[in-house]
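Peer 1: below are the sequence and a predicted model for it; my questions follow.
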Amino acid sequence: MIQDIAPSRLDNSFKNNSIQPEDTALFFDKEGKLLIHENNGKLSFPKGSDAEGFETIYLFSIDDTRYFLVTDKEAHIKNDFNYRSVRDLRKTGSGPEIYAVFTAYHLWKWYADNTFCGKCGHKLSFDDKERALRCKDCGNIIYPRINPAVIVGVTKGDCLLVTKYRQGYGGNALVAGFTEIGETLEETVAREVMEETGIKVRNIRYYKSQPWGMAQDILAGFYCDAEGNAEIHMDKDELRYAEWVQRNAIVLQENNLSLTNEMMKVFKENRIKF
(Lines give C-alpha, C1' and ligand atoms only; values in the text may rest on other atoms or scores of the structure.)
Protein backbone atom coordinates (compact mmCIF):
# COMPACT_ATOMS: atom_id res chain seq x y z
CA MET A 1 0.00 0.00 0.00
CA ILE A 2 1.01 3.62 -0.32
CA GLN A 3 2.44 3.77 3.21
CA ASP A 4 4.52 0.61 2.77
CA ILE A 5 7.84 2.30 2.03
CA ALA A 6 10.20 0.23 4.23
CA PRO A 7 13.10 0.44 4.78
CA SER A 8 12.32 4.15 4.29
CA ARG A 9 10.41 5.85 7.11
CA LEU A 10 8.12 8.86 7.39
CA ASP A 11 8.77 11.23 10.30
CA ASN A 12 5.67 13.43 10.59
CA SER A 13 6.57 15.08 13.90
CA PHE A 14 6.35 18.87 13.82
CA LYS A 15 9.60 20.80 13.73
CA ASN A 16 10.01 24.55 13.41
CA ASN A 17 12.64 24.17 10.67
CA SER A 18 13.79 26.65 8.05
CA ILE A 19 14.18 25.48 4.47
CA GLN A 20 17.71 24.87 3.16
CA PRO A 21 18.88 24.78 -0.49
CA GLU A 22 19.12 20.96 -0.52
CA ASP A 23 15.62 20.43 0.93
CA THR A 24 12.55 19.56 -1.16
CA ALA A 25 10.09 22.38 -1.95
CA LEU A 26 6.50 21.53 -2.86
CA PHE A 27 4.56 24.03 -4.99
CA PHE A 28 0.78 23.49 -5.22
CA ASP A 29 -1.44 25.67 -7.37
CA LYS A 30 -4.91 26.84 -6.28
CA GLU A 31 -6.47 23.65 -7.71
CA GLY A 32 -4.18 21.38 -5.70
CA LYS A 33 -1.95 20.38 -8.60
CA LEU A 34 1.69 19.82 -7.73
CA LEU A 35 4.74 21.15 -9.56
CA ILE A 36 6.69 18.01 -10.37
CA HIS A 37 8.86 16.23 -12.90
CA GLU A 38 8.17 12.63 -13.86
CA ASN A 39 10.46 10.29 -15.78
CA ASN A 40 9.25 6.69 -16.28
CA GLY A 41 7.27 6.78 -13.03
CA LYS A 42 10.09 8.35 -11.02
CA LEU A 43 8.98 11.61 -9.41
CA SER A 44 11.29 14.51 -8.63
CA PHE A 45 10.57 17.85 -6.97
CA PRO A 46 11.98 21.39 -6.89
CA LYS A 47 14.68 22.09 -4.32
CA GLY A 48 14.82 24.58 -1.51
CA SER A 49 17.05 26.73 -3.67
CA ASP A 50 14.09 27.11 -6.08
CA ALA A 51 11.94 28.49 -3.23
CA GLU A 52 14.30 31.31 -2.29
CA GLY A 53 12.27 34.41 -1.41
CA PHE A 54 9.02 32.46 -0.88
CA GLU A 55 7.30 31.71 2.43
CA THR A 56 7.55 28.02 3.37
CA ILE A 57 6.61 25.72 6.24
CA TYR A 58 8.13 22.38 7.20
CA LEU A 59 5.88 19.37 6.54
CA PHE A 60 7.72 16.09 7.28
CA SER A 61 10.79 14.03 6.47
CA ILE A 62 11.27 10.71 4.72
CA ASP A 63 14.65 9.33 5.75
CA ASP A 64 17.06 12.26 5.29
CA THR A 65 14.86 14.20 2.84
CA ARG A 66 13.01 17.16 4.36
CA TYR A 67 9.82 18.36 2.64
CA PHE A 68 8.57 21.95 2.83
CA LEU A 69 5.32 23.48 1.56
CA VAL A 70 5.62 26.74 -0.36
CA THR A 71 2.73 28.77 1.08
CA ASP A 72 2.95 31.84 -1.19
CA LYS A 73 -0.19 31.49 -3.32
CA GLU A 74 1.39 33.05 -6.43
CA ALA A 75 4.73 31.24 -6.17
CA HIS A 76 6.00 29.61 -9.35
CA ILE A 77 9.31 28.69 -10.92
CA LYS A 78 10.30 28.39 -14.57
CA ASN A 79 12.02 25.11 -15.42
CA ASP A 80 11.17 21.63 -16.70
CA PHE A 81 8.61 20.97 -13.94
CA ASN A 82 4.87 20.83 -14.68
CA TYR A 83 1.73 20.93 -12.57
CA ARG A 84 0.10 17.50 -12.21
CA SER A 85 -2.96 16.42 -10.21
CA VAL A 86 -2.55 13.99 -7.34
CA ARG A 87 -5.16 11.73 -8.98
CA ASP A 88 -3.08 11.67 -12.16
CA LEU A 89 0.15 10.93 -10.27
CA ARG A 90 -1.56 8.03 -8.51
CA LYS A 91 -1.58 6.16 -11.82
CA THR A 92 2.17 6.30 -12.31
CA GLY A 93 4.00 7.07 -9.06
CA SER A 94 5.27 4.61 -6.47
CA GLY A 95 7.53 4.35 -3.44
CA PRO A 96 8.39 7.09 -0.94
CA GLU A 97 7.82 9.84 -3.51
CA ILE A 98 4.12 9.13 -4.11
CA TYR A 99 3.60 8.69 -0.36
CA ALA A 100 5.17 12.14 0.08
CA VAL A 101 2.81 13.57 -2.57
CA PHE A 102 -0.33 12.19 -0.88
CA THR A 103 0.76 13.29 2.60
CA ALA A 104 1.80 16.74 1.41
CA TYR A 105 -1.51 17.16 -0.43
CA HIS A 106 -3.38 16.36 2.79
CA LEU A 107 -1.53 19.13 4.61
CA TRP A 108 -1.74 21.58 1.69
CA LYS A 109 -5.53 21.10 1.58
CA TRP A 110 -5.81 21.77 5.30
CA TYR A 111 -3.71 24.92 5.12
CA ALA A 112 -5.57 26.14 2.00
CA ASP A 113 -8.99 25.63 3.61
CA ASN A 114 -8.09 27.41 6.84
CA THR A 115 -6.82 30.89 6.02
CA PHE A 116 -9.18 32.74 8.38
CA CYS A 117 -10.46 32.04 11.88
CA GLY A 118 -13.91 30.47 11.98
CA LYS A 119 -14.72 32.27 15.26
CA CYS A 120 -13.70 35.87 14.66
CA GLY A 121 -12.75 36.04 10.98
CA HIS A 122 -9.18 37.25 11.45
CA LYS A 123 -6.28 35.69 9.58
CA LEU A 124 -4.71 32.58 11.11
CA SER A 125 -0.99 32.23 11.75
CA PHE A 126 1.33 29.20 11.75
CA ASP A 127 1.99 27.95 15.26
CA ASP A 128 5.72 27.57 16.01
CA LYS A 129 5.38 24.78 18.60
CA GLU A 130 2.95 22.25 17.05
CA ARG A 131 1.16 21.41 13.80
CA ALA A 132 -1.61 23.95 14.26
CA LEU A 133 -2.99 27.26 13.05
CA ARG A 134 -3.56 29.88 15.72
CA CYS A 135 -5.68 33.03 15.76
CA LYS A 136 -3.73 35.78 17.48
CA ASP A 137 -6.91 37.80 18.02
CA CYS A 138 -9.22 35.33 19.81
CA GLY A 139 -6.86 32.44 20.63
CA ASN A 140 -8.69 29.86 18.53
CA ILE A 141 -6.50 26.89 17.54
CA ILE A 142 -7.11 24.74 14.43
CA TYR A 143 -5.58 21.27 14.08
CA PRO A 144 -5.27 19.21 10.89
CA ARG A 145 -8.49 17.58 9.77
CA ILE A 146 -8.55 13.79 9.32
CA ASN A 147 -11.74 12.17 7.99
CA PRO A 148 -12.50 8.62 9.22
CA ALA A 149 -13.88 6.32 6.53
CA VAL A 150 -14.37 2.60 5.93
CA ILE A 151 -13.52 0.23 3.08
CA VAL A 152 -15.70 -2.89 3.13
CA GLY A 153 -15.04 -6.29 1.61
CA VAL A 154 -18.49 -7.94 1.63
CA THR A 155 -18.26 -11.69 1.00
CA LYS A 156 -20.75 -14.37 0.03
CA GLY A 157 -19.10 -17.75 -0.15
CA ASP A 158 -16.57 -17.62 -2.97
CA CYS A 159 -17.75 -14.20 -4.17
CA LEU A 160 -16.80 -10.62 -3.30
CA LEU A 161 -19.05 -7.58 -3.73
CA VAL A 162 -17.18 -5.44 -6.30
CA THR A 163 -18.28 -1.90 -7.13
CA LYS A 164 -17.40 1.06 -9.33
CA TYR A 165 -18.04 4.63 -8.26
CA ARG A 166 -20.46 6.86 -10.16
CA GLN A 167 -17.85 9.65 -10.10
CA GLY A 168 -14.11 9.88 -9.54
CA TYR A 169 -11.91 6.80 -9.66
CA GLY A 170 -12.99 4.50 -12.49
CA GLY A 171 -11.44 1.15 -11.53
CA ASN A 172 -12.86 -1.69 -9.48
CA ALA A 173 -13.53 -0.78 -5.85
CA LEU A 174 -15.34 -1.90 -2.71
CA VAL A 175 -18.16 -0.33 -0.76
CA ALA A 176 -16.79 2.71 1.07
CA GLY A 177 -18.02 5.69 3.03
CA PHE A 178 -17.40 8.25 5.74
CA THR A 179 -18.21 7.74 9.41
CA GLU A 180 -21.03 9.96 10.65
CA ILE A 181 -21.26 11.80 13.98
CA GLY A 182 -21.98 9.45 16.90
CA GLU A 183 -21.35 6.33 14.81
CA THR A 184 -18.89 3.49 15.38
CA LEU A 185 -16.79 2.18 12.50
CA GLU A 186 -18.73 -1.08 12.57
CA GLU A 187 -22.02 0.81 12.34
CA THR A 188 -20.59 2.72 9.38
CA VAL A 189 -19.84 -0.59 7.65
CA ALA A 190 -23.39 -1.88 8.05
CA ARG A 191 -24.99 1.44 7.06
CA GLU A 192 -22.84 2.05 3.98
CA VAL A 193 -23.35 -1.46 2.62
CA MET A 194 -27.10 -1.16 3.13
CA GLU A 195 -27.30 2.33 1.60
CA GLU A 196 -25.19 1.54 -1.46
CA THR A 197 -26.31 -2.03 -2.20
CA GLY A 198 -29.33 -2.89 -0.02
CA ILE A 199 -27.50 -5.82 1.59
CA LYS A 200 -27.52 -6.65 5.32
CA VAL A 201 -24.23 -7.86 6.77
CA ARG A 202 -22.94 -9.76 9.80
CA ASN A 203 -19.63 -10.93 11.27
CA ILE A 204 -17.93 -7.55 10.76
CA ARG A 205 -14.20 -7.83 11.45
CA TYR A 206 -11.37 -5.35 11.18
CA TYR A 207 -8.56 -5.93 8.66
CA LYS A 208 -6.15 -2.97 8.38
CA SER A 209 -5.99 0.83 8.12
CA GLN A 210 -4.41 3.31 5.70
CA PRO A 211 -3.80 7.06 5.52
CA TRP A 212 -5.24 8.40 2.26
CA GLY A 213 -4.23 12.01 1.82
CA MET A 214 -6.10 12.45 -1.48
CA ALA A 215 -9.34 12.79 0.50
CA GLN A 216 -7.78 13.71 3.87
CA ASP A 217 -8.89 10.29 5.15
CA ILE A 218 -7.84 7.60 7.55
CA LEU A 219 -9.32 4.47 6.00
CA ALA A 220 -10.30 1.45 8.10
CA GLY A 221 -10.73 -1.80 6.20
CA PHE A 222 -13.29 -4.41 7.24
CA TYR A 223 -14.50 -7.73 5.89
CA CYS A 224 -18.04 -8.93 6.59
CA ASP A 225 -20.49 -11.59 5.43
CA ALA A 226 -23.71 -10.97 3.53
CA GLU A 227 -26.99 -12.10 5.09
CA GLY A 228 -29.83 -13.93 3.34
CA ASN A 229 -29.98 -14.09 -0.44
CA ALA A 230 -27.91 -10.87 -0.65
CA GLU A 231 -29.78 -9.51 -3.66
CA ILE A 232 -28.20 -6.24 -4.78
CA HIS A 233 -30.28 -3.05 -4.92
CA MET A 234 -27.68 -0.55 -6.09
CA ASP A 235 -27.79 3.15 -5.26
CA LYS A 236 -27.39 4.58 -8.75
CA ASP A 237 -26.49 8.01 -7.38
CA GLU A 238 -23.39 6.57 -5.70
CA LEU A 239 -22.42 3.64 -7.91
CA ARG A 240 -22.44 2.71 -11.59
CA TYR A 241 -21.65 -0.96 -10.94
CA ALA A 242 -22.15 -3.44 -8.08
CA GLU A 243 -21.94 -7.18 -8.63
CA TRP A 244 -20.98 -10.41 -6.88
CA VAL A 245 -17.73 -11.50 -8.51
CA GLN A 246 -16.16 -14.96 -8.25
CA ARG A 247 -12.79 -15.03 -6.52
CA ASN A 248 -10.79 -15.98 -9.62
CA ALA A 249 -12.57 -13.40 -11.80
CA ILE A 250 -11.75 -10.33 -9.68
CA VAL A 251 -9.88 -7.68 -11.68
CA LEU A 252 -7.45 -5.75 -9.49
CA GLN A 253 -6.52 -2.08 -9.72
CA GLU A 254 -3.58 -0.92 -11.84
CA ASN A 255 -1.18 -0.60 -8.87
CA ASN A 256 -0.77 -1.65 -5.24
CA LEU A 257 -1.21 1.75 -3.58
CA SER A 258 -4.67 1.37 -2.05
CA LEU A 259 -6.15 -0.56 0.85
CA THR A 260 -9.05 -1.39 -1.47
CA ASN A 261 -6.77 -3.17 -3.92
CA GLU A 262 -4.99 -5.10 -1.16
CA MET A 263 -8.31 -6.29 0.26
CA MET A 264 -9.50 -7.43 -3.17
CA LYS A 265 -6.19 -9.20 -3.72
CA VAL A 266 -6.27 -10.93 -0.32
CA PHE A 267 -9.74 -12.29 -1.08
CA LYS A 268 -8.81 -13.24 -4.66
CA GLU A 269 -5.84 -15.25 -3.38
CA ASN A 270 -7.90 -16.77 -0.53
CA ARG A 271 -5.59 -15.35 2.15
CA ILE A 272 -8.13 -14.06 4.69
CA LYS A 273 -6.84 -15.40 8.04
CA PHE A 274 -9.84 -14.78 10.34
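Peer 2: Thanks, I have it. Residues are numbered from 1 along each chain as shown.

Peer 1: so what's the predicted local confidence for Ala75?
Peer 2: In this model, Ala75 is scored at 66, pLDDT.

Peer 1: again, but for the one 4 residues further on
Peer 2: In the prediction, the pLDDT value recorded for Asn79 is 73.

Peer 1: host element of it?
Peer 2: Using DSSP states H and E, Asn79 sits within no helix or strand.

Peer 1: residues touching it, list them.
Peer 2: Shown in contact with Asn79 (C-beta atoms under 8 Å, 6 or more residues apart in numbering): 46, 50. For glycine as for every other residue, the C-beta is placed from the backbone atoms N, C-alpha and C.

Peer 1: then Ser61?
Peer 2: With the criterion set at C-beta under 8 Å, 6+ apart, Ser61 makes contact with 10-11, 67.

Peer 1: same question, Gly121
Peer 2: Applying C-beta under 8 Å, 6+ apart, one finds that Gly121 lies in contact with no residue.

Peer 1: which phi and psi does it have?
Peer 2: The phi and psi values for Gly121, taken as degrees, to the nearest 10, are phi 90, psi 0.

Peer 1: just the one 5 residues further on next, same as before
Peer 2: Here the main-chain torsion angles of Phe126 (degrees, to the nearest 10) amount to phi -70, psi 130.

Peer 1: where does this structure dip in pLDDT?
Peer 2: Low-confidence segments of the chain, defined by pLDDT under 70, are located at 41, 74-76, 78, 93, 274.

Peer 1: longest strand of it?
Peer 2: Taking residue count as the measure and DSSP state E as the definition, the longest strand of the chain comes out as strand 201-212.

Peer 1: which elements pack onto that one?
Peer 2: Applying 3 or more C-beta pairs under 8 Å, 6 or more residues apart in numbering; DSSP states H and E, we find strand 201-212 packed against helix 95-113, strand 147-156, helix 185-197, strand 217-226, helix 259-268.

Peer 1: gap between the residue nearest the centre of the chain and Arg191?
Peer 2: Nearest to the geometric centre of the chain sits Trp212, at 1.8 Å (C-alpha atoms, centre = their mean). The gap separating Trp212 from Arg191 is 20 Å, by C-beta to C-beta, to the nearest Å.

Peer 1: wait, what's in contact with Ala132?
Peer 2: Shown here is Ala132, whose contacts under the criterion C-beta under 8 Å, 6+ apart are 141-143.

Peer 1: would you turn these into CSV with secondary structure and distance to Gln246?
Peer 2: Rendered in CSV, the data for the contacts of Ala132 read as follows (DSSP: H, G, I helix; E, B strand; the rest coil; distance: C-beta to C-beta, whole Å):
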residue, secondary structure, distance to Gln246
Ile141, strand, 52
Ile142, strand, 48
Tyr143, coil, 45
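
Peer 1: just put those in TSV and tack on distance to Leu107 and neighbour count.
Peer 2: Converted to TSV, the contacts of Ala132 look like this (distance: C-beta to C-beta, whole Å; neighbours: other C-beta atoms under 10 Å):
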residue	distance to Leu107	neighbour count
Ile141	16	12
Ile142	13	18
Tyr143	12	12
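
Peer 1: out of the residues you listed, who's nearest Ala51?
Peer 2: Taking C-beta to C-beta as the measure, Ala51 lies nearest Ile142 of these, at 24.4 Å.

Peer 1: now that closest one, nearest residue through space, not along the chain?
Peer 2: On the basis of C-beta to C-beta, 6 or more residues apart in numbering, the spatially nearest residue to Ile142 that is not a chain neighbour turns out to be Leu133, at 4.3 Å.
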